[in-house]
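S.K.: one predicted model, sequence on top.
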Amino acid sequence: MDASKGDEVYFLGTIVLYNKKGNEQEVIDGQQRLVSLAILFAVMRDLIEDSESKRELQECVYQRERELTERPKTERIHPWKKLESYFADHVYVPGGTRSFLEGFDAKKIDKEDPVYHLYEAIQAFYEKLSGLTQEQLKSFAKYVLRKGHIVYIVTSNKTRALKLFNTLNTRGLSLSPADIIKAANLDAISNDEQRDQYAKDWIALEEDLGRERLGDLLSHIRTAKAKDKLRASLDEEYEKLCDNGKLPRGSKFIDYLAQMSDIYRTKVLQPSIDITRQADRNRCEWLIRLMYTCLPFSDWVPPLLAFCDKFRKGEEHLPAFLSKLEKKTFIEWIGGFTETERITSFARITDLIESSPTEGQVVDNMLTHVRPNGSETKGRIVNYSNKDELKTTMDNALNDQYFYTAKGRRLSRYALLRLDMELWDLAAFHGYQGDITVEHVLPRTPQPSSEWVRVFDENQRVEWTNKLGNLVLLSGSKNPAAGTYDFSKKKEVYFRKKCSPFKLTQEIMSFTRWTPDELKQRQDDLVKRIEQMYLGA
C-alpha cells in the first residue's frame, strides 16, 4: 500500500514456468505470489463500483468466452486441487469474494487447511482496502497493474525448470536431487490420471523410507548402475543413465524404485532375512546392522542391493555372500582404500552379479573377480589368495599404537563388536541394545598416585594405552571417575556392572591383574582371533 503512493516500480520477484502442452504453463516457482495476486484482483473487483474497472479486473482472473474470435473461457491461474471449487465459485465470479466471507465459518476449518488460508487472504485484503475511497481503490489497482513487475523464466524442459528454481530459491527448503528426479519421471508419464497415481506412490515411498533415506537409496542405485564415483549432481547422473538405457524413465522407473525400496528397507535398514537356520538368519541380520551403523561409508550397500534384486529367491546363499562381502569391506577398509578405490572395487562385485547366472557363481568368484569379458582392470586389487600379504596388512593395522583413534575411532568399535559376535551362540543372539562405548582398561590419564603408574612406566603407557588389547566394550555412558580406578576396583565396580551384554568384556573378569604382560597377551590373542575370522576360511 505504501509503495503505491509513489511512482516507482514494485518488483514482485522472479517466477519460473514450464511450458506444458497447449497454452498452459506450469508454475514451478511463484505459485503463492500468483495465487495471491489473483485473490487481490478479485477483491478489488468486488469493491470497485465502476463497471469498466470491474470488467478489467475480472479479465485479470478469468477470461470469458469470445464468440467472434473463438476464444474459450479460461481461468488465468489454476490453484491447488483443494481450492479449485472455491476459486470457481468465489474468485472467478463477480461478487464471489463477498459471498465467501459471508458464508465462511472459520471455527469449522482447521487452520492448516488451504481453504482457511484462502479465507485469511481474502479477509486481509478486505481489511486493507475497505477503508479506501473509490478513487483510491482505482488508483491502487492502476498501480498494481502498471507498476507491479515480475520477471519470468520459461523453459520447455521441466528438469531444467526445477534446477532454475533451486538456483533462484533463497527462501525455505531447497529442492533435493531426489525431488528433481521425481519431477522428471512424473513428467515422462503422459496420462494425467496415471501421473497422479504415481505421484502418490512416490509420496508413499518418501513416507516409508523418509526423504533422506530415499535419497540415499537413489544414490546407491546410481552407484550400482554407473559403477563409479559421483561426478555431477545426482539428478544429472540419472539423466545420463536414462539416456544410456541403464535405467528406464517414467512409470517403469518408479515401479523399479518401489521394488528396490522394499529390498533396501528389509535387507539394509531393518534387515529381515528369510532363511531356514536361525543362527544364519541372526548372523546376517546383525552383521548388516553392524556394518550399517558402525562403518563410516556405505559403498558395500550397492552390491548387496544388486544381489538381492537379481536373486530374489536366493536368500539361502545370502550368508555366504554377506560373509565374503563383509570380509572384503573390512580388509580393504583397514588397508587404506580411498573412496574411489572402494567404489571401483565394489563395482567389480556388481559386474559379477550382473554377468553371473547363479548365486553360487557370484559367491565362488567374488573375491577373485576382476572385470568381465577381459575389460581393463582399474583401481587397486587385493590378492585374497595371498594370505601372507593379507596377514601383514592386518598385523600393521591391528597392532597400531593408536588403534583406538584409527578411522575416526570407528575401527576399534567395529573390531570389538565383530569379535564379540563370534563368541555368541548366534541361534540365541538377540543383538545389542542401548548405547555402546569403548573403554580403556589402562586409563588414558591415570592418577599420579595410582597403581597404574607403578605398574606401567611412561613409555609403556604411551605404547599400550590405545592399542586393541587395552580396549573393552561397555553398555551405557562412560564414567570418567570410574575409568581411573585401579584394576581390581575397576573390574568389580565398573566392568561387572556394564559388561553384561558383551562376552568379550566378560573375559576381562578372569584376569587377576593388568600388567604389560597381560596386556600383550590379550593384544596377541585378539589380533589372532580377528585374523582367523578373516583369513582362516
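M.R.: Good, I have the coordinates.
S.K.: all the strands of this structure, residue numbers only.
M.R.: Assigned by DSSP state E, the strands in the chain fall at 10-19, 25-29, 62-63, 74-75, 148-155, 436-440, 471-475.
S.K.: can I get these in JSON lines with mean pLDDT?
M.R.: Output for those, formatted as JSON lines (pLDDT from 0 to 100):
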{"stretch": "strand 10-19", "mean pLDDT": "78"}
{"stretch": "strand 25-29", "mean pLDDT": "76"}
{"stretch": "strand 62-63", "mean pLDDT": "82"}
{"stretch": "strand 74-75", "mean pLDDT": "80"}
{"stretch": "strand 148-155", "mean pLDDT": "79"}
{"stretch": "strand 436-440", "mean pLDDT": "91"}
{"stretch": "strand 471-475", "mean pLDDT": "91"}
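S.K.: M421: which of those strands is closest?
M.R.: Closest to M421 of these, according to CB to CB: strand 471-475, at 11.1 Å. Quick note: C-beta positions are derived from backbone N, CA and C, even for glycine.
S.K.: angle of that closest one against strand 436-440?
M.R.: 140 degrees (axes from the mean of the first three to the mean of the last three CA atoms, to 10 degrees).
S.K.: strand 471-475 packs against which elements?
M.R.: On a contact count with 3 or more CB pairs under 8 Å, 6 or more residues apart in numbering; DSSP states H and E, strand 471-475 meets helix 410-422, strand 436-440, helix 503-506.
S.K.: now do the shortest one: distance to the chain's middle.
M.R.: For helix 503-506, the distance from its own C-alpha centre to the chain's C-alpha centre is 35 Å (CA atoms, centre = their mean, to the nearest Å).
S.K.: what residues are up against D299?
M.R.: T223, T329, E339, R342, I343, F346 (CB atoms under 8 Å, 6 or more residues apart in numbering).
S.K.: got the helices and strands packed on strand 471-475 as JSON lines, with distance to L17 and mean neighbour count columns?
M.R.: What follows is those, written out as JSON lines (distance: least, CB to CB, whole Å; neighbours: other CB atoms under 10 Å):
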{"stretch": "helix 410-422", "distance to L17": "48", "mean neighbour count": "20"}
{"stretch": "strand 436-440", "distance to L17": "53", "mean neighbour count": "18"}
{"stretch": "helix 503-506", "distance to L17": "63", "mean neighbour count": "18"}
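S.K.: can you list those in TSV and add distance to E451?
M.R.: Listed next are the helices and strands packed on strand 471-475 as TSV, based on distance: least, CB to CB, whole Å:
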stretch	distance to E451
helix 410-422	24
strand 436-440	15
helix 503-506	20
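S.K.: of the ones you listed, which is nearest I334?
M.R.: helix 410-422 (6.8 Å).
S.K.: got the angle for that closest one vs strand 436-440?
M.R.: Going by the same axes, to 10 degrees, helix 410-422 is angled at 100 degrees with respect to strand 436-440.
S.K.: can I get helix 410-422 as CSV, trimmed to CA atoms?
M.R.: Output in CSV follows, covering the C-alpha atoms of helix 410-422 (Å, rounded to 0.1, in the frame of the first residue of the first chain):
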residue,chain,number,x,y,z
ARG,A,410,35.2,-46.3,14.3
LEU,A,411,37.6,-49.1,13.7
SER,A,412,38.1,-50.0,17.3
ARG,A,413,34.3,-50.1,18.0
TYR,A,414,33.7,-52.2,14.8
ALA,A,415,36.5,-54.7,15.5
LEU,A,416,35.5,-55.2,19.1
LEU,A,417,31.8,-55.8,18.3
ARG,A,418,32.8,-58.1,15.4
LEU,A,419,34.9,-60.1,17.8
ASP,A,420,32.1,-60.2,20.4
MET,A,421,29.6,-61.6,17.9
GLU,A,422,31.8,-64.6,17.3
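S.K.: what's in contact with that helix?
M.R.: 283, 286-287, 290, 294-296, 330, 333-334, 397-398, 403-406, 429, 432, 436, 438, 468, 471-473, 502-505, 526, 529-530, 533.
S.K.: and it, how far out from the chain middle?
M.R.: 26 Å.
S.K.: one more: stretch 302-321?
M.R.: Relative to the chain's own centre, stretch 302-321 is displaced by 23 Å; criterion: CA atoms, centre = their mean.
S.K.: also stretch 94-107?
M.R.: 44 Å.
S.K.: gap between the two ends of that stretch?
M.R.: Using CA to CA, to the nearest Å, one end of stretch 94-107 lies 26 Å from the other.
S.K.: residues contacting the nearest residue to D228 once chain neighbours are set aside?
M.R.: Using CB to CB, 6 or more residues apart in numbering and skipping the chain neighbours, the partner closest in space to D228 is I343 (6.4 Å). By CB under 8 Å, 6+ apart, the contact list for I343 reads T223, K227, D228, K229, D299.
S.K.: then F403?
M.R.: Going by CB under 8 Å, 6+ apart, F403 touches A397, L411, S412, N466, K467, L468, L471.
S.K.: what separates the first one from I331, distance-wise?
M.R.: Pointing back at A397 there. 9 Å (CB to CB, to the nearest Å).
S.K.: of those two, which one has the most company?
M.R.: Counted by other CB atoms under 10 Å, A397 and I331 do not tie: A397 has more neighbours, with 22 against 19.
S.K.: wait, the more buried one touches L390, no?
M.R.: No. Look at A397 against L390 with CB atoms under 8 Å: they stay out of range, at 10.9 Å.
S.K.: number of residues surrounding E359?
M.R.: So E359, with other CB under 10 Å, has 20 neighbours.
S.K.: contacting residues for it?
M.R.: F307, F311, G314, H317, F321.
S.K.: and those as a markdown table, adding neighbour count?
M.R.: Output for the contacts of E359, formatted as a markdown table (neighbours: other CB atoms under 10 Å):
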| residue | neighbour count |
| --- | --- |
| F307 | 28 |
| F311 | 19 |
| G314 | 16 |
| H317 | 17 |
| F321 | 24 |
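S.K.: give me the residue at the spatial middle of the protein.
M.R.: E212 (2.5 Å; CA atoms, centre = their mean).
S.K.: and that residue, how close does it get to K520?
M.R.: For E212, the distance to K520 - CB to CB - is 45 Å.
S.K.: repeat for S190
M.R.: 72 Å.
S.K.: so those two - more neighbours on which side?
M.R.: A direct count of neighbours by other CB under 10 Å for S190 and K520 places K520 higher, at 14 against 10.
S.K.: for the closest residue to that one other than its chain neighbours, the count of nearby residues, please.
M.R.: Once flanking residues are discounted, K520 sits nearest to G469: 6.9 Å by CB to CB, 6+ apart. Using other CB under 10 Å, G469 has 21 neighbouring residues.
S.K.: ok, G469 - contacts?
M.R.: L519, K520, Q521, R522, Q523, D524, D525, L526.
S.K.: enumerate the positions of stretch 469-479 that are buried.
M.R.: G469, N470, L471, V472, L473, L474, S475, N479 (16 or more other CB atoms under 10 Å).
S.K.: pretty sure the fifth one contacts F502?
M.R.: In this case it means L473. Yes. Using CB under 8 Å, L473 makes contact with F502 at a distance of 4.4 Å.
S.K.: re the thing from before, nearest to P177, out of the helices and strands packed on strand 471-475?
M.R.: The nearest among the helices and strands packed on strand 471-475, by CB to CB, is helix 410-422 at 27.0 Å.
S.K.: for the stretch 1-150 of the chain, which spans come out with low pLDDT?
M.R.: Scanning the stretch 1-150 of the chain for pLDDT under 70 picks out 1-5, 21-23, 66-71.
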